[in-house]
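J.: Sequence below, structure please.
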Amino acid sequence: MKIDFIDVDSAISHAKQLLETERDISPALKSALEVILLLVTVLLNRVTLNSKNSSKPPASDPNRKKGNRKKSDKERA
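T.: Numbers count the residues shown, from 1 in each chain. Okay, here's the model as predicted:
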């Protein structure tokens, strides 16, 4: 995924790779950074969801593009 010309997936992968190779970091800090990277990944995946690629019905998706509806010729009862 790219946001403002930044390849976010690549940046997250690179950060994870650096965490794996770093030896001078405490286990607590390493764990905390892994959790933060996980949360960023989850939130980015949720941001990209819409009614076309999720189980959300289109009527409840405020970001969907609304098409023009034609009025029916039938009279309402």
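
J.: Identify all contacting residues around the helix or strand bottoming out on mean pLDDT in the chain.
T.: Among the helical and strand segments of the chain, the one scoring lowest on mean pLDDT, DSSP states H and E is strand 2-3, with a mean of 72. Under the contact criterion Cβ atoms under 8 Å, 6 or more residues apart in numbering, strand 2-3 has outside partners V8. Any C-beta I mention is one placed from the backbone N, CA and C, and that applies to glycine too.

J.: Show me the longest helix that occurs in this structure.
T.: For the chain, the longest helix by residue count, based on DSSP state H, is helix 27-47.

J.: for the strand or helix carrying Q17, packing partners?
T.: Secondary structure assigned from DSSP states H and E places Q17 in helix 8-21. Applying 3 or more Cβ pairs under 8 Å, 6 or more residues apart in numbering; DSSP states H and E, we find helix 8-21 packed against helix 27-47.

J.: P27: how many residues sit nearby?
T.: Residues lying near P27 (other Cβ atoms under 10 Å) number 7.

J.: got any ranges where the chain has weak pLDDT?
T.: 49-56, 58, 61-69, 71-73, 75-77 (pLDDT under 70).
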